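J.: sequence unknown, structure follows:
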């Protein structure tokens with residue numbers, strides 16, 4: 001046996017997506033990081049060992065403009081390109097390469113940490129070391145660092161260190177949560193095993209093992225959806241153990257889940273109810289995907305009211321958007337729906353105070369074990385949300401190490417620095433503007449462009465959309481608008497009711513309060529533009545939500561060309577795909593107004609006044625994500641040839657030193673991506689991303705090319721110049737996109753040494 005010691009600035013224990021993003025975030029900020037996990041692959045529940053879809057704030061397209069950015073966003077976009085078929089092993093590689101690209105990370109796979117040395121009193125403990133056994137290598141490794149991150153999911157490290165935690169469900173009165181039980185208990189969400197099937201192209205028999213469960217003697221066939229063509233996360237409901245201890249009873253839970261999987265497959269193959277002669281099992285999981293165990297107590301406990309109320313915490317460092325998604329304690333044997341869901345009207349915010357321990361001075365955490373009630377945990381637990389919390393916690397740990405503060409001290413003294421650092425890294429925060437004093441773009445005397453999209457108009461019709469349901473159109477209003485026109489067909493002369501609604505919060509995309517409404521005369525005829533004289537001059541940049549009330553005599557015209565900043569909706573038309581299995585309250589606005597069938601296929605309309613929503617200045621300072629508008633510069637369409645180039649230019653009154661330029665391109669965060677592809681997009685690279693571009697600097701009165709890209713497919717490009725330059729102007733010239741007609745730049749930042 002070998003005894004070793006590893007010293008680093010930060011030790012991250014747990015190699016799921018929370019731990020990966022925490023380690024990468026800290027390493028990119030110059031800290032030495034040890035990333036330790038007890039599995040042979042990274043990715044946790046998303047890995048090829050368990051194969052859970054990486055879900056997050058988009059909630060399978062229910063939320064708008066909600067896909068995560070930062071490190072999680074990078075992996076989503078890279079996987080989209082490398083792994084269009086959703087191969088679990090290729091997803092493993094995407095995650096592994098994200099870690100291996102960072103020279104400041106030392107990765108320890110197959111290393112089970114089960115000893116923690118901590119000292120101090122109950123209310124003020126400090127971790128000194130954590131020790132693990134590297135399986136298969138006979139190496140006992142002691143990890144020492146100033147800061148530790150528990151990203152284990154089960155919360156083992158913090159538990160061994162004496163960190164306060166919660167387990168089970170809080171009573172309703174403690175936080176005033178409507179979905180909490182009257183009395184506290186130790187019920188948790190259960191664990192799940194998944195399986196894959198495939199068509200063998202020939203008849204395949206199945207002889208069930210002796211331990212296979214006869215599911216006809218259970219409620220499963222009556223209360224759960226079983227189809228021969230489904231596999232993977234379609235069977236998320238194979239869940240059990242919520243009434244047990246999901247850690248200490250893990251083996252018992254696995255055996256029960258395994259017996260049910262083989263029982264389901266026996267039912268599919270041998271009951272005669274399914275066309276499954278040629279189907280065979282391709283893979284069966286052996287590691288239960290845990291949903292819930294310990295939740296640590298931080299300086300703030302996130303609760304249901306924060307989620308539904310979308311509390312705008314002053315220390316917000318991440319966001320989520322998955323529904324509060326709770327399952328019955330009996331899991332797959334329950335006679336009730338497999339899950340019930342409650343949504344906010346949009347994304348919700350996560351405070352930094354929920355990511356560090358209230359009583360262990362150098363412990364942060366991210367993932368399933370953050371400081372939240374059981375009800376709030378029903379949404380924070382999904383992996384993409386765990387990942388963005390990981391990036392926030394890792395960034396915080398790096399700043400603590402640099403400045404010499406405790407995690408609580410960072411909150412008390414430098415939370416703005418934490419937020420601005422996260423924004424610079426393109427992390428997932430909404431509603432905070434760039435205020436980085438080091439960003440020279442904020443000092444530019446002018447920001448101009450070759451052209452600007454000043455007109456909001458979708459005019460190319462592809463098909464008719466019968467107005468059998470209320471329809472919605474969302475577009476930015478900046479600073480105002482004087483009415484709009486709709487392209488419609490009318491089978492007979494009729495009247496059409498059109499309403500203008502505010503969306504409430506700038507991060508929301510549902511009708512909230514009525515601003516105005518009109519009734520429009522529509523003569524019989526096809527392809528006619530009908531004017532709706534609605535005007536609005538809000539106090540600041542906002543989104544307008546136009547509601548067109550149902551009229552069976554009318555069809556709207558629909559385009560197959562997307563328009564950045566514009567979304568279309570239908571009301572009550574999109575029944576949930578698994579309504580038999582999931583309880584989604586259709587009266588919730590975000591469920592009631594669905595865009596899923598209309599993504600990138602907007603209704604045809606045109607705004608009758610010019611807009612400043614896509615002005616060049618939007619790309620220098622301001623917000624990095626949609627918030628009351630798209631928040632980016634968008635050019636007029638690029639033409640063919642060299643004359644078709646579009647550019648954005650920053651000028652200063654005197655030369656500034658530039659050594660790094662950070663460009664953030666539009667990668668359409670409304671597009672729902674997922675690691676194992678329960679759905680496919682028609683493209684492998686987001687079309688709006690710039691493909692070929694160059695960066696020019698005006699030095700001594702002459703323009704020089706200082707950086708360029710020929711095949712970009714990433715949202716954020718960090719361009720370190722070979723040598724610093726003193727320039728009084730910098731120009732980003734877009735030569736070609738990945739398929740979109742316009743240049744679309746979210747942000748440019750310029751830094752000196």
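T.: Looks like it arrived, so ask away. On a predicted model such as this, the values are computed, not experimentally measured, just so you know.
J.: CA only for contacts and neighbour counts going forward, please
T.: Noted.
J.: Just give me the longest strand of this structure.
T.: strand 716-737 (DSSP state E).
J.: now for it, which elements pack on it?
T.: If you count contacts as 3 or more C-alpha pairs under 8 Å, 6 or more residues apart in numbering; DSSP states H and E, strand 716-737 packs onto strand 646-665, strand 690-699, strand 702-709.
J.: export those to a markdown table and tack on distance to residue 234?
T.: Below are the helices and strands packed on strand 716-737 laid out as a markdown table (distance: least, C-alpha to C-alpha, whole Å):
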| stretch | distance to residue 234 |
| --- | --- |
| strand 646-665 | 34 |
| strand 690-699 | 35 |
| strand 702-709 | 40 |
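J.: Of all those, which one comes closest to residue 118?
T.: strand 646-665 (41.2 Å; C-alpha to C-alpha).
J.: what pairs with that closest one, and is each one parallel or antiparallel?
T.: strand 446-449 (antiparallel), strand 716-737 (antiparallel), strand 744-751 (antiparallel) (DSSP bridges).
J.: coming back round to it: please convert the helices and strands packed on strand 716-737 to TSV, extending it with distance to residue 52 and mean neighbour count.
T.: Shown next, in TSV, are those (distance: least, C-alpha to C-alpha, whole Å; neighbours: other C-alpha atoms under 10 Å):
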stretch	distance to residue 52	mean neighbour count
strand 646-665	29	20
strand 690-699	32	21
strand 702-709	35	15
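J.: Quick one, which of those strands gets closest to residue 616.
T.: Nearest of these (C-alpha to C-alpha): strand 646-665, 6.8 Å.
J.: Next, the contact list for the residue nearest to residue 615 when sequence neighbours are not counted, please.
T.: Leaving aside its sequence neighbours, residue 615 sits nearest to residue 633 (C-alpha to C-alpha, 6 or more residues apart in numbering; 5.4 Å). By C-alpha atoms under 8 Å, 6 or more residues apart in numbering, residue 633 lies in contact with 452, 614, 615, 616, 617, 618, 619, 743, 744, 745, 746.
J.: Kindly state the pLDDT recorded for the residue lying closest to the fourth one once chain neighbours are set aside?
T.: Going back to what we said before, that points to residue 616. Nearest residue to residue 616, sequence neighbours excluded (C-alpha to C-alpha, 6+ apart): residue 633, at 4.9 Å. We have a pLDDT of 98 for residue 633.
J.: and the residue nearest to residue 615, what are its phi and psi?
T.: phi -90, psi 130 (degrees, to the nearest 10).
J.: circling back: out of the contacts of residue 633, who's nearest residue 680?
T.: For the contacts of residue 633, the residue nearest residue 680 by C-alpha to C-alpha is residue 744; the value is 23.7 Å.
J.: on that earlier part again, between which two of the contacts of residue 633 is the distance greatest?
T.: Farthest pair in those (C-alpha to C-alpha) is 617 and 743. Separation: 14.5 Å.
J.: Comparing these two, which shows the higher neighbour count?
T.: residue 743 (29 against 23; other C-alpha atoms under 10 Å).
J.: all strands in the stretch 201-350 of the chain, in order from the N-terminus.
T.: Listed in chain order, the strands of the stretch 201-350 of the chain (DSSP state E, counting those that start in this stretch) span 239-240, 279-284, 295-296, 316-320, 324-326, 339-342, 348-351.
J.: roughly how far out does the longest one sit from the chain middle?
T.: Taking the mean C-alpha point of strand 279-284 and that of its whole chain, the gap between them comes to 30 Å (C-alpha atoms, centre = their mean, to the nearest Å).
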